[in-house]
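[1] task: produce atomic coordinates for the following.
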Amino acid sequence: MGLDRETSWPSYSEENVHPMAFHWASADPLSGPDFGLLKDGVERVDTMDEILIVRGFFFRDERDSLAQLKELAVQRVANVLPYFQVDRRRILTEVDVQPINGDVRSKPFESIRFERVSASSLMQSGTDTFELCFPLKDSIALPKIMTDRLMQWLGKASKHRSEIIHLTGTADGSGIAEASDVAHERALYVRDKLVGEGWREEQIAISTGQRHHPLAFRNRCVVVYYE
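    Numbers count the residues shown, from 1 in each chain. The predicted structure follows:
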C-alpha cells in the first residue's frame, strides 16, 4: 500500500483532514488518508457510464487578476486529473470562485470538487431523433463521449445522409429564463461538430425553442432529427 500510495497519490500527509487539498496560491495537490476513498468513487464513472464534472476553485486574493485566478484553478484541475484513471472523453471541467471559510492562508483547503452525472440522463435517442443536454449552466461544451455517441447514431442513420438535418437548440425557461441566443449557440456548437465530421453546412437547419422541465439541465439541449 505504501509504494502504491507513493506512485499513485499526490504528496501525502497523515495530518491532512481533507482527501485532497491545496496550499494558498499553490496548484500542487496534497492527499490525506481518505484520498483512496475519493479516488475509488471518482473512478467508478467508467463502469457506471457517467459523465464526470471536475470543478476547480480559487479565492479572490490568491492572485492579482481574474485571468491569473482562473489560470490557477485550471492548473489545479490539470494537476489533479493524472491521479484518477478516468476516460478523458467523459470529463468536463469548469472553474469558479469560492468564499473564504476558515484559515485558508495557513491551512490546506479543498479546491477541487467532482460531480458524477448519468450519461443516460443527458442523452436520448430514437430512430430519427437524438437529444443531447448540456450539463453546465454557463458553458457551451459537451464531453467528447456525448458527441462521439451522436456520431455513432448518425452513422447508423446513414440512409439519411443526403437529407436535411434539423438542430433545435433549447434554452432554460424555468426560473430566470435564458436568452434565446443561448439556445442558438448550443445548436451552433453541435453544427460545428457535424461539419467537422464531414456534413455540409448547407444541409443543416437550425431552430431554437424554450423548455420548462423541472430539471434545469433537461432544458439546455439540442435535438437532432430528420424530417
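
[2] neighbours of residue 67, how many?
    Counted with other C-beta atoms under 10 Å, residues neighbouring residue 67 total 9. In short, each C-beta sits where N, CA and C put it, glycine included.

[3] can you give the contact residues for the helix or strand containing it?
    In this assignment (DSSP states H and E), residue 67 forms part of helix 66-80. For helix 66-80, contacts defined as C-beta atoms under 8 Å, 6 or more residues apart in numbering pick out 10, 20, 22, 25, 27-29, 54-58, 60, 62-63, 93, 95-97, 111-112.

[4] how is this protein divided into domains?
    The record's domain parsing of the chain by automatic domain parsing lists 2-119, 126-226.

[5] re earlier: would you mark the buried spots in the helix holding residue 67?
    Residues of helix 66-80 classed as buried by neighbour count (16 or more other C-beta atoms under 10 Å): 69-70, 72-74, 76-77, 79-80.

[6] contacting residues around the closest residue to residue 133 other than its chain neighbours?
    In this structure, residue 133 finds its nearest non-sequential neighbour in residue 221, 4.2 Å apart by C-beta to C-beta, 6 or more residues apart in numbering. Residue 221 makes contact with 131-134, 169-170, 186, 211 under the criterion C-beta under 8 Å, 6+ apart.

[7] just give me the closest of those to residue 15.
    residue 134 (40.4 Å; C-beta to C-beta).

[8] surely that closest one touches residue 142?
    Yes. Counting by C-beta atoms under 8 Å, residue 142 is a contact partner of residue 134 at 6.4 Å.

[9] where is the longest helix in the protein?
    Longest helix in the chain by number of residues (criterion: DSSP state H): helix 180-196.

[10] now do the next helix or strand after it, average pLDDT.
    The first helix or strand that comes after helix 180-196 along the chain, using DSSP H and E, is strand 204-211. Averaging the model's pLDDT scores along strand 204-211 yields 95.

[11] now the helix or strand that comes right after strand 204-211: buried residues?
    Remark: after strand 204-211, the chain's next helix or strand is strand 221-226, criterion DSSP H and E. Across strand 221-226, burial judged by 16+ other C-beta under 10 Å covers 221-225.
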